[in-house]
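S.K.: Following is a predicted model, sequence given first.
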Amino acid sequence: MSFEDKMKKVEIYSSMMCGFCYRAKALLKQKNIPFREIGVDMDFAARKDMQKRAGGRTSVPQIFIDGEHVGGCDELYALDARGGL
């Protein structure tokens, strides 16, 4: 199994004008964790997909690790504090 196979798939739904999105992405970058950013500013289909995957939540960011919903920025920082990142 290669290093890339061990890396978890991180997805973050975000908006350009969201400070919490910037904080969440900064933490991931600081930890050298690659992520896929999905902008929802002008993409109604992406926002709808985010809401469906996040159990109806409409705020950004919404973060998923290996398809599992983590939550928003605060939940990501809490996960890191527990050593989960």
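M.R.: Yes, it's here.

S.K.: From the rest of the structure, what touches stretch 52-59?
M.R.: If you take CB atoms under 8 Å, 6 or more residues apart in numbering as the criterion, stretch 52-59 is touched by Y13, R47, M50, Q51, Q62, F64, H69, G72. Yep, even glycine has a C-beta here, placed from its N, CA and C like the rest.

S.K.: now do 7 Å
M.R.: Stretch 52-59 is contacted from outside by Q51, Q62, F64, H69, G72, using CB atoms under 7 Å, 6 or more residues apart in numbering.

S.K.: Mark which of the residues you listed are buried, thanks.
M.R.: Taking 16 or more other CB atoms under 10 Å as the criterion, what is buried in those is Q62, F64, G72.

S.K.: Which helix in this structure has the most residues?
M.R.: helix 19-30 (DSSP state H).

S.K.: Dump the C-alpha coordinates for it into CSV.
M.R.: Presented in CSV, the C-alpha positions along helix 19-30 are these (Å, rounded to 0.1, in the frame of the first residue of the first chain):
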residue,chain,number,x,y,z
GLY,A,19,-13.8,33.4,7.4
PHE,A,20,-14.5,30.0,9.0
CYS,A,21,-13.7,28.4,5.6
TYR,A,22,-10.4,30.2,5.4
ARG,A,23,-9.6,29.0,9.0
ALA,A,24,-10.5,25.4,8.2
LYS,A,25,-8.4,25.4,5.0
ALA,A,26,-5.5,27.0,6.8
LEU,A,27,-5.5,24.2,9.4
LEU,A,28,-5.6,21.5,6.7
LYS,A,29,-2.7,23.3,4.9
GLN,A,30,-0.7,23.6,8.1
